[in-house]
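**Student:** Sequence and computational prediction follow.
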Amino acid sequence: MTTRVNSPLSPEYAAVLVERRANLRKTCAKILKPGASFVWEIGSGHGHFLTAYAALHRETTCVGIDIIAERIARAERKRHRAGLANLHFIQADADDFLAVLPEGARFSALYILFPDPWPKRRHHKNRLIRPDFIGRIAARAGQGARLYFRTDYEPYFTEARSVIAANPSWPLSEESWPFESPTVFQSRARARHSLVAIAP
Ligand SMILES: C[S@@+](CC[C@H](N)C(=O)[O-])C[C@H]1O[C@@H](n2cnc3c(N)ncnc32)[C@H](O)[C@@H]1O
């Protein structure tokens with residue numbers, strides 16, 4: 001599902017991508033009006049974190065995305081049981097979601113919790129935190145938006161911190177983590193490394 005490829009797209013894949021983004025654009029437009037503010041989680045998995053967050057922040061629109069349909073289905077069941085009208089889970093790739101966000105919609109906080117670490121060097125290009133991606137999310141961040149990143153894999157943490165620190169749109173902050181609710185991967189993790197960056 002991911003679009004993170006460097007080679008030119010085949011015409012067939014380009015057509016699939018156009019249709020996928022057109023469908024996603026419609027889904028997003030129902031949830032986020034132009035100019036909307038929202039809290040975003042990329043790789044929301046089974047939805048534990050964002051469901052707990054949305055229950056405590058009922059005035060905040062919360063959107064979790066994940067590329068795996070089964071995880072979104074589980075998260076949706078949690079959302080339904082909790083009866084949270086402010087919470088939405090969408091099956092989507094982060095690049096696609098950014099590409100179709102309604103005009104003027106801005107996130108006030110972005111949580112990236114235990115993203116796939118891609119430990120092998122030849123797979124590092126698949127990591128979510130890359131200079132181009134960090135730049136593109138900055139373009140959709142509201143003033144003072146927070147970027148929260150957490151991983152149990154220290155080499156990825158070190159790399160992510162230097163990628164984020166190198167982008168003037170995301171100064172690192174010593175601010176403490178504002179909300180704790182363990183995710184599936186956090187409950188299995190032996191360590192955790194967290195950072196906060198704040199859009200000026
Ligand atoms: C290691 S899991 C962590 C899930 C959850 N955050 C947790 O801590 O339990 C990483 C998640 O990110 C999702 N993911 C990977 N690449 C993604 C992308 N480009 N866009 C959206 N979700 C993605 C995966 O499907 C997976 O559910």
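**Tutor:** Okay, I see it. Fair warning: this is a prediction, and the values are worked out from it, not measured in the lab.

**Student:** Show me what stretch 113-128 is in contact with.
**Tutor:** The contact list for stretch 113-128, computed with C-beta atoms under 8 Å, 6 or more residues apart in numbering, reads 2, 4, 6, 41-43, 49, 94, 112, 129, 148-153, 155-156, 159-160, 183, 185-186, 189. All C-beta atoms are positioned from the backbone trio N, CA, C, and that covers glycine.

**Student:** Show me how to select, in ChimeraX, the buried members of the residues you listed.
**Tutor:** To isolate the buried ones among these in ChimeraX, judged by 16 or more other C-beta atoms under 10 Å, type:
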select :41,42,43,49,94,112,129,148,149,150,151,152,153,156,159,160,183,185,186,189
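
**Student:** Which single residue of this protein ends up nearest the ligand?
**Tutor:** Nearest residue of the chain to the ligand: residue 43, at 2.6 Å (C-beta to the nearest ligand atom).

**Student:** residues in contact with that residue?
**Tutor:** Contacts of residue 43 (C-beta under 8 Å, 6+ apart): 65, 66, 94, 112, 113, 114, 115, 116, 128.

**Student:** now, which of these lie close to the ligand?
**Tutor:** 65, 66, 94, 113, 114, 115, 116, 128 (C-beta under 6 Å from any ligand atom).

**Student:** In strands, which of the contacts of residue 43 appear?
**Tutor:** 65, 66, 112, 113 (DSSP state E).

**Student:** Could you dump the residues you listed into a markdown table and include pLDDT and distance to residue 98?
**Tutor:** Shown next, in a markdown table, are those (pLDDT from 0 to 100; distance: C-beta to C-beta, whole Å):
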| residue | pLDDT | distance to residue 98 |
| --- | --- | --- |
| 65 | 98 | 10 |
| 66 | 98 | 15 |
| 112 | 98 | 13 |
| 113 | 98 | 18 |
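
**Student:** Just the pLDDT at the residue nearest the centre of the chain, thanks.
**Tutor:** The residue lying closest to the centre of the chain (C-alpha atoms, centre = their mean) is residue 42, at 2.0 Å. Residue 42 carries a pLDDT score of 98 in this model.

**Student:** hang on, isn't it packed against residue 110?
**Tutor:** Yes: Residue 42 is in contact with residue 110 according to C-beta atoms under 8 Å; the separation is 6.9 Å.

**Student:** on that earlier part again, out of the contacts of residue 43, which are buried?
**Tutor:** Restricting those to buried positions leaves 65, 66, 94, 112, 113, 114, 115, 128, with burial counted as 16+ other C-beta under 10 Å.

**Student:** residue contacts, the second one?
**Tutor:** Same thing as residue 66. Residue 66 neighbours (C-beta under 8 Å, 6+ apart): 43, 44, 45, 72, 75, 89, 91, 92.

**Student:** pretty sure residue 89 contacts residue 47?
**Tutor:** Yes: using C-beta under 8 Å, residue 89 is in contact with residue 47, at 5.9 Å.

**Student:** Tell me the residues of this protein that contact the ligand?
**Tutor:** 2, 42-43, 45, 65-68, 71, 93-94, 113-116, 128, 183-186.
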